[in-house]
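> just need the structure, nothing else, for what follows:
(one chain, ligands or ions: 2)
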Amino acid sequence: MSQYYPIFIDLNALPILVVGGGNVALRKVQTLLHHGSLVRVISPRLVPELRELIDGKSCFWVEKEYSSDDIQDARLVFSCTEIEEVNAQVSQDAKAHYRLVNVVDDPEKCSFIVPSIMEQGDLKIAVSTGGSSPIVARQVRAELEDLYGHEMAEYLTLLKSWRNRAKSDLPPEKRSIFWNRATDGEVRTLIKAQRLTEAKGVLEKCFQSLSD
Ligand SMILES: C[C@@]1(CC(=O)O)c2cc3[nH]c(cc4nc(cc5[nH]c(cc(n2)[C@H]1CCC(=O)O)[C@@](C)(CC(=O)O)[C@@H]5CCC(=O)O)C(CC(=O)O)=C4CCC(=O)O)c(CCC(=O)O)c3CC(=O)O
Ligand SMILES: NC(=O)C1=CN([C@@H]2O[C@H](COP(=O)(O)OP(=O)(O)OC[C@H]3O[C@@H](n4cnc5c(N)ncnc54)[C@H](O)[C@@H]3O)[C@@H](O)[C@H]2O)C=CC1
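Ligands and ions are numbered 1, 2, ... in the order given. Modelled structure (predicted):
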């Protein structure tokens, strides 16, 4: 059996609880805000960079120690304190309320773990080592960042701009010919060489030949 099932969740406006205000909490909050969630941070202290993220709109700070009734409406819970007993309590409370919980000091108490993420436009790759070595997850992410540069974002934007047109104007068998041509390497190579107009021309020409 493979332990962790990867999914991409839409966190837009989803209430999230983060317990703790150190550097590890900071890293989790930065990623959560980048993905549009509503974050409530409970901690007696915050590192300065985390304090700067508190805006009273999408990120709130409750200046106190955690207690069991703090779970409230949180859909995901992150326990990021340095105190094992507190993290264990948060995990137990979250699980009692059937909420998904991440505990930064103990994978055993997690119902999910956080991957290392690389993003280039619509391409998002999440890397996990299942907790074996977070540093290796970070290194693999850096290798992927070298492999997939900015052209990937432009390439995907171009392909996306064709999705509705291909779907509505081409029958399924021609659609598959179109997408195979669009992704056979030439368009991506042209975009990488900053020849966007020619790349667009390849798609237009292919579409026209299939529409005839
Ligand atoms: C299980 C997991 C739970 C979770 O947090 O979800 C977990 C657990 C632990 N991490 C520890 C340490 C470090 N973690 C990092 C970094 C990251 N850790 C992340 C995820 C995860 N860490 C989950 C598994 C991910 C996987 O491998 O699949 C990343 C990917 C994502 C993120 O946190 O955003 C992010 C890199 C982001 C990026 O740069 O891309 C660094 C390096 C650094 O700080 O740069 C160190 C120090 C070096 C070291 O110790 O290896 C310790 C020991 C603490 C101690 O010794 O006290 C534990 C607890 C334990 O293992 O028991
Ligand atoms: N999963 C990961 O990615 C990593 C996990 N770790 C683990 O994460 C833990 C936290 O690391 P740091 O953020 O560097 O520690 P830190 O000591 O800087 O921060 C801990 C925070 O928890 C808060 N806190 C303490 N008791 C609390 C309570 N009862 N209620 C609410 N908040 C409370 C503190 O005020 C502080 O803001 C470490 O002990 C380590 O085991 C460390 C590195 C990476």
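> please parse this structure into its domains.
Domain assignment of the chain by automatic domain parsing yields the ranges 1-114, 115-148, 150-211.
> which ones are touching Val19?
The contact partners of Val19, taken as CB atoms under 8 Å, 6 or more residues apart in numbering, are 25, 41-43, 66, 70, 77-81, 86-87, 90. Any C-beta I mention is one placed from the backbone N, CA and C, and that applies to glycine too.
> which parts of the lengthiest helix in the chain are buried?
Secondary structure assigned by DSSP state H gives helix 150-169 as the longest helix of the chain. By 16 or more other CB atoms under 10 Å, the buried positions in helix 150-169 come out as 151-156, 158-159, 162, 166.
> try stretch 122-129
Across stretch 122-129, burial judged by 16+ other CB under 10 Å covers 125, 127-129.
> ok so, going back, just the contacts of Val19: which are in strands?
Applying DSSP state E to these, the entries found in strands are 41-42, 77-79.
> quick one: Leu17 is in a strand?
Yes - applying DSSP: H, G, I helix; E, B strand; the rest coil, one finds Leu17 inside a strand.
> got a list of what the closest residue to it other than its chain neighbours touches?
In space, and not counting its chain neighbours, Leu17 is closest to Ala74: 3.7 Å by CB to CB, 6 or more residues apart in numbering. Listed by CB under 8 Å, 6+ apart, the contact set of Ala74 reads 15-17, 40, 94, 99.
> other residues contacting stretch 158-178?
Applying CB under 8 Å, 6+ apart, the external contacts of stretch 158-178 come out as 122, 179, 182-183, 187, 191, 196, 199-200, 203, 206-207, 210-211.
> quick one on the thing from earlier: the buried residues of stretch 122-129: which ones sit near ligand 1?
128-129 (CB under 6 Å from any ligand atom).
> so of the buried residues of stretch 122-129, which ones are in strands?
Under the assignment DSSP E, the buried residues of stretch 122-129 contribute 125, 127 to strands.
> all strands of this structure, in order?
Secondary structure of the chain, counting by DSSP E: strands at 15-19, 38-42, 59-62, 76-79, 100-103, 116-120, 123-127.
> report whether the third one contacts ligand 2.
Think strand 59-62. No - figure legend: strand 59-62 not in contact with ligand 2 (CB under 6 Å from any ligand atom); closest approach 9.2 Å.
> in that strand, what counts as buried?
For strand 59-62, a neighbour-count test (16+ other CB under 10 Å) marks 59, 61 as buried.
> which residue sits closest to the residue in the chain that ligand 2 sits nearest to, ignoring its sequence neighbours?
Closest residue of the chain to ligand 2, CB to the nearest ligand atom: Gly22 (2.1 Å). Leaving out its chain neighbours, the residue that sits closest to Gly22 by CB to CB, 6+ apart is Val47, at 5.9 Å.
> related to what we said a few turns ago, from the buried residues of stretch 122-129, which two are the most distant?
Across the buried residues of stretch 122-129, the longest distance by CB to CB is 13.8 Å; it joins Ile125 and Thr129.
> what does this structure put close to ligand 2?
Taking CB under 6 Å from any ligand atom, the part of the chain that reaches ligand 2 is made up of 19-25, 42-45, 65-66, 80-83, 86, 104-105, 134.
> which of those residues count as buried?
Neighbour counting by 16+ other CB under 10 Å classes 19-22, 24-25, 42-43, 66, 80-81, 86, 104-105 among those as buried.
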